[in-house]
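>>> I'd like to go over a predicted model; first the sequence, then the structure.
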Amino acid sequence: MNKKKLLSLLLCLVLAVSMLAACGGGGGNEGGGSQGGSETPSDVTPGGTMLIGMGAEPITMNPNGKVDSNFSIMAPLMFNKLMTITATGKIVPDLAESYEIGDDDVTYTFKLPAGVKFSDGEPLTSEDVKFSFEEIVKQGGQAAGSLSGIESIECPDETTVVIKLSAPNASFLGSLGYDGVYVLPKHVYEGKDWLDKDGMQEPVGSGPFKFGEWKTGVSFSVVKNENYYKGPDLPYLDGITYSFISDVDTALQSFQNGELDIMGLLPSEASTKALMADPNYNCYVNMYASRFYLGFNMDKAPFNDVNFRQAVARAIDIDDLINKAMTTTCVKAKGYFSPLFDWANDPAVTIPEFDLEEAQKYMEATGLEKDADGFYCHVTLDTYNYEPFPSMTQVIKAQLAEIGIDVTISTMEYAAWDEKVAQKKDFEMTVVGGYVGPDVSNAAPHFTTGGYFNAMNYSNPEVDDLMAKGAAAVKQEERAPFYQQVCQILKDDMPMVVIGEWVAYTPVPAYVHNYSLSDEVKDEIGTSDLSLCWMEH
């Protein structure tokens with residue numbers, strides 16, 4: 001999982017990132033963004049250091065290497081992508097000054113602003129874009145799959161990048177706005193091992209801030225980048241410090257005491273509701289293309305038995321689960337793709353409804369026999385140690401006990417979960433939050449053969465083929481039939497039990513302005529971009 005990420009989700013994974021993206025297009029399609037600095041508006045108070053809470057420290061400092069939902073929140077502060085994705089799901093230029101999609105639907109031409117420098121003062125050119133993308137594929141970075149369809153990258157001059165795909169790909173532009181596709185300086189990162197021993201190197205990028213200090217176990221800070229190409233006034237803040245606070249109650253107390261400007265961690269349901277009602281906070285509500293789901297390890301029994309998986313799907317009462325643990329984080333799922341891409345869902349193929357009688361029939365079909373305690377089996381359910389996951393797994397434990405499944409819950413920090421579940425696939429069942437945007441095709445890595453986020457090891461060649469065909473088509477009406485067929489297969493195979501859609505309720509003090517989710521900027525900048533943010537002081 002981003003993130004993994006989960007919200008970042010969670011990303012948050014912690015994760016969190018975007019909603020809807022309709023990519024691709026015909027000849028001469030152009031996009032542009034506002035580049036270059038302007039004088040500070042008279043109502044802005046520049047300066048100050050913003051303090052943000054974070055549940056765990058990052059595991060890497062290379063934004064294009066391993067998936068890391070914690071560093072993915074920090075990365076946009078120090079690095080730029082060609083494109084970025086706003087909180088409302090729009091794909092807008094980031095580093096790119098403009099872009100054009102050719103008549104052939106496979107040629108993308110990006111123009112970079114002149115005079116861009118990295119934080120070390122060295123110039124950024126089209127060759128750095130070419131190096132970054134080619135190295136991501138070569139080293140198997142987190143976005144290697146998204147960039148694997150690139151046939152060639154040409155740099156006719158220092159500010160022009162021409163990317164040609166081997167075939168049309170409707171998700172390509174959105175992929176350039178997601179994680180793992182940052183433009184890195186060739187003079188710093190060339191010859192480095194991005195996934196292993198060099199993954200923790202000091203970051204050098206072109207973003208509004210530059211690396212300040214990492215105090216292990218304490219904090220991570222960035223400071224204003226004096227070489228930022230949209231300056232001289234931006235960013236408005238002098239710096240940002242992320243404080244590592246694993247305990248949610250401690251973070252909440254610090255936030256309410258004014259020791260944190262942004263809480264960063266997800267508070268309890270009751271605390272979120274209280275903050276939403278407090279006039280001292282602005283509460284931003286946003287649905288992301290990020291989904292909660294329960295996954296099975298398909299290489300182990302009884303999880304490799306479709307009857308077992310179907311039983312679990314019908315034993316989970318999603319309405320009850322949301323009411324008890326997720327009222328401020330989740331909306332019940334209806335289809336097999338995010339509702340932000342509802343055109344890809346087959347209206348006739350919906351998530352199974354809660355039905356204990358049906359669930360029991362499927363359990364009996366597994367051939368398992370109850371032990372002396374009345375359980376068919378004893379399983380371990382791995383998940384993250386931050387809300388809503390601990391609370392929701394407690395509800396799931398109680399629900400599965402109703403059909404004779406004894407669940408032991410194992411919660412862990414994200415880095416530990418990533419190593420155990422995502423990398424080593426050493427698990428039985430897991431509850432995660434997974435980002436599946438910015439295009440519907442970006443859900444593929446969660447359930448296609450060998451997919452980066454497919455810890456379940458689910459493999460169905462027909463699903464692989466249909467997802468590939470859906471991504472290769474350009475028009476929505478051409479793509480929809482492929483994805484709708486996938487819906488039925490996923491319902492039949494049940495590699496995962498889709499629970500719901502991530503809805504983020506983010507309380508922000510009223511003295512914080514131009515936060516990335518605020519109405520003033522949410523259509524213009526990326527979800528973790530704080531270059532326009534400022535605080536009254």
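Ah, there it is. This one's a predicted model, so the numbers in the text were calculated from it and none came from an experiment. Numbers count the residues shown, from 1 in each chain.

>>> Helices along the stretch 401-537 of the chain, start to end?
Under the criterion DSSP state H, counting those that start in this stretch, helices of the stretch 401-537 of the chain are mapped to 414-417, 461-472, 476-493.

>>> Oh, that last question was meant for the chain, not what I typed.
69-78, 126-139, 144-147, 172-175, 186-189, 248-256, 269-277, 306-315, 318-325, 356-365, 389-401, 414-417, 461-472, 476-493 (DSSP state H).

>>> just those helices: most buried one?
The highest mean neighbour count among the helices of the chain, using mean count of other Cβ atoms under 10 Å, belongs to helix 69-78: a mean of 27. Using the backbone N, CA and C atoms, a C-beta is placed for each residue, glycine as well.

>>> So which elements touch that helix?
Contact partners of helix 69-78 among helices and strands, from 3 or more Cβ pairs under 8 Å, 6 or more residues apart in numbering; DSSP states H and E: strand 12-13, strand 209-215, strand 219-224.

>>> Let's have these in CSV, adding distance to A289 and mean neighbour count.
Listed next are the helices and strands packed on helix 69-78 as CSV, based on distance: least, Cβ to Cβ, whole Å; neighbours: other Cβ atoms under 10 Å:
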stretch, distance to A289, mean neighbour count
strand 12-13, 12, 33
strand 209-215, 26, 18
strand 219-224, 27, 21
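
>>> Can you tell me which of those strands is nearest to Y288?
Using Cβ to Cβ as the measure, strand 12-13 is the one of the helices and strands packed on helix 69-78 that comes nearest Y288, at 8.8 Å.

>>> Mind pulling up the pLDDT for the nearest residue to H446 once chain neighbours are set aside?
Nearest residue to H446 in three dimensions, chain neighbours excluded: F453, at 4.7 Å (Cβ to Cβ, 6 or more residues apart in numbering). The per-residue pLDDT reported for F453 equals 86.

>>> Quick check: the gap between F453 and Y284.
F453 sits 27 Å away from Y284, going by Cβ to Cβ, to the nearest Å.

>>> So if I had to pick from these two, which one is more boxed in?
Between F453 and Y284, F453 has the larger neighbour count (other Cβ atoms under 10 Å), namely 25 against 17.

>>> Dump the helices of the stretch 401-537 of the chain to CSV, plus mean pLDDT.
Compiled in CSV, those are given as follows (pLDDT from 0 to 100):
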stretch, mean pLDDT
helix 414-417, 88
helix 461-472, 94
helix 476-493, 97
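
>>> can you give me the strands for the stretch 151-300 of the chain?
With strands called from DSSP state E, counting those that start in this stretch, the stretch 151-300 of the chain shows them at 160-165, 209-215, 219-224, 239-244, 281-296.

>>> now the angle from the last one to helix 318-325?
What separates the directions of strand 281-296 and helix 318-325 is an angle of 130 degrees, with axes from the mean of the first three to the mean of the last three Cα atoms, to 10 degrees.

>>> Counting by contacts, list what strand 281-296 packs against.
Partner elements for strand 281-296 (3+ Cβ pairs under 8 Å, 6+ apart): strand 6-7, helix 269-277, helix 306-315, strand 429-435, strand 496-509.

>>> Any idea which of these gets closest to E158?
Closest to E158 of these, according to Cβ to Cβ: strand 429-435, at 33.6 Å.

>>> gap between the two ends of stretch 428-446?
17 Å (Cα to Cα, to the nearest Å).

>>> actually stretch 95-103, sorry about that
One end of stretch 95-103 to the other measures 24 Å (Cα to Cα).

>>> what's the distance between it and the middle of its chain?
24 Å (Cα atoms, centre = their mean, to the nearest Å).

>>> And for stretch 212-229?
Distance, stretch centre to chain centre, for stretch 212-229: 22 Å (Cα atoms, centre = their mean).

>>> Pipe the helices and strands packed on strand 281-296 into CSV and attach mean pLDDT per row.
Below are those laid out as CSV (pLDDT from 0 to 100):
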stretch, mean pLDDT
strand 6-7, 34
helix 269-277, 88
helix 306-315, 98
strand 429-435, 89
strand 496-509, 92
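
>>> Can I get those in JSON lines including distance to S391?
Formatted as JSON lines, the helices and strands packed on strand 281-296 follow (distance: least, Cβ to Cβ, whole Å):
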{"stretch": "strand 6-7", "distance to S391": "15"}
{"stretch": "helix 269-277", "distance to S391": "8"}
{"stretch": "helix 306-315", "distance to S391": "18"}
{"stretch": "strand 429-435", "distance to S391": "11"}
{"stretch": "strand 496-509", "distance to S391": "13"}
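
>>> Turn the helices of the chain into TSV, including distance to T448.
Putting the helices of the chain into TSV (distance: least, Cβ to Cβ, whole Å) gives the following:
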stretch	distance to T448
helix 69-78	21
helix 126-139	18
helix 144-147	9
helix 172-175	15
helix 186-189	29
helix 248-256	34
helix 269-277	34
helix 306-315	18
helix 318-325	25
helix 356-365	25
helix 389-401	25
helix 414-417	22
helix 461-472	5
helix 476-493	10
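
>>> among the strands of the stretch 151-300 of the chain, which gets the worst mean confidence?
Mean pLDDT across those is lowest at strand 281-296; the value there is a mean of 90.

>>> Dump the helices of the stretch 401-537 of the chain to JSON lines, plus distance to A510.
Formatted as JSON lines, the helices of the stretch 401-537 of the chain follow (distance: least, Cβ to Cβ, whole Å):
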{"stretch": "helix 414-417", "distance to A510": "31"}
{"stretch": "helix 461-472", "distance to A510": "43"}
{"stretch": "helix 476-493", "distance to A510": "40"}
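
>>> To Y511, which of those helices lies closest?
Minimum separation from Y511 across the helices of the stretch 401-537 of the chain (Cβ to Cβ) falls at helix 414-417, 30.1 Å.

>>> hey, what's M429 bridged with?
F296, L381 (DSSP bridges).

>>> That one contacts N297, correct?
Yes - shown here, M429 and N297 form a contact pair, counting by Cβ atoms under 8 Å, at 7.2 Å.

>>> joint contacts of those two?
Common neighbours of M429 and N297 (criterion: Cβ atoms under 8 Å, 6 or more residues apart in numbering): F303.

>>> Neighbour count: those two, which is higher?
Remark: of M429 and N297, M429 carries more neighbours, 25 against 21, as counted by other Cβ under 10 Å.

>>> Return the residues in contact with the more buried one.
If you count contacts by Cβ under 8 Å, 6+ apart, M429 has them with 294-297, 303, 312, 379-382, 407.

>>> do that again at 6 Å, thanks
296, 379, 381 (Cβ atoms under 6 Å, 6 or more residues apart in numbering).

>>> hmm, which of these are the buried ones?
Buried by 16 or more other Cβ atoms under 10 Å: 296, 379, 381, out of those.

>>> how far away is the first one from A372?
Note on F296: its distance to A372, by Cβ to Cβ, is 26 Å.

>>> Alright, that wraps it up for me.
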